[in-house]
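>>> sequence? don't have it. structure:
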């Protein structure tokens, strides 16, 4: 009895296998997608840079306002009133200063959050467009395959 290779039939069938037709890769569309992606990243970066400037300006305004309040209150306490009255004013001022600082921190953190969402929206929109563009390529490739089958 001769030794037969059990894989011989497998390879014979494999050589007759034909891969389904794949859509062709359109380099122009691929380059356009890359260009649009780079534009989206640039736009998101610009949004973040603009927001950083706005946030920095706002922080400077808030800090200037706080320093002016501290200087004004300190001057008033040094010029007017007894130590007992000044102690009461200091407590009230410390409470007001603390509350104002918390509100300022909240405002700045909201600006930072808004900035992040704006940049994310730019990138998210582009990602959705990219998926849509390439799903249309796949659909177009499938319709080309279907039209070739009908012609045959």
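Thanks, I have it. Remember, predicted model here, so these are calculated numbers, not experimental data.
>>> where exactly do the helices run in this structure?
Ranges of helices within the chain are 8-15, 27-79, 83-151, based on DSSP state H.
>>> and the residue most central in space within the chain, how far from residue 47?
Centroid-nearest residue in the chain: residue 120, 2.5 Å away (criterion: C-alpha atoms, centre = their mean). Applying C-beta to C-beta, to the nearest Å, the value for residue 120 to residue 47 is 10 Å. Backbone N, C-alpha and C define where each C-beta goes, glycine included.
>>> over to residue 72?
Distance from residue 72 to residue 47, counting by C-beta to C-beta: 37 Å.
>>> nearest spatial neighbour of the residue nearest to the centre of the chain, skipping sequence neighbours?
Nearest-residue entry for residue 120: residue 44, 7.7 Å, with adjacent residues in sequence omitted and distances by C-beta to C-beta, 6 or more residues apart in numbering.
>>> in contact with the one you found, which residues?
119, 120, 122, 123 (C-beta atoms under 8 Å, 6 or more residues apart in numbering).
>>> restricted to buried residues, select those residues in ChimeraX.
Selecting the buried subset of the contacts of residue 44 in ChimeraX, with 16 or more other C-beta atoms under 10 Å as the burial test, is done by:
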select :119,122
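>>> can I get the contacts of residue 44 in TSV with distance to residue 31 and pLDDT?
Compiled in TSV, the contacts of residue 44 are given as follows (distance: C-beta to C-beta, whole Å; pLDDT from 0 to 100):
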residue	distance to residue 31	pLDDT
119	24	95
120	25	95
122	21	94
123	20	94
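>>> let me know the closest of the contacts of residue 44 to residue 96.
Each of these was checked against residue 96 using C-beta to C-beta; the closest is residue 119, at 35.2 Å.
>>> I'd say that closest one and residue 48 touch.
Yes. Applying C-beta atoms under 8 Å, one finds residue 119 in contact with residue 48, separated by 5.0 Å.
>>> ok, for residue 86, nearest residue in space, not its chain neighbours?
Of all residues not flanking residue 86 in the chain, residue 77 sits nearest, at 4.6 Å (C-beta to C-beta, 6+ apart).
>>> please list all residues in contact with that neighbour.
For residue 77, the contact set (C-beta under 8 Å, 6+ apart) comprises 86, 89, 90.
>>> wait, what's in contact with the nearest residue to residue 111 once chain neighbours are set aside?
The shortest distance from residue 111 to any non-neighbouring residue, by C-beta to C-beta, 6+ apart, is to residue 55 (5.0 Å). Taking C-beta under 8 Å, 6+ apart, we find residue 55 in contact with 108, 111, 112, 115.
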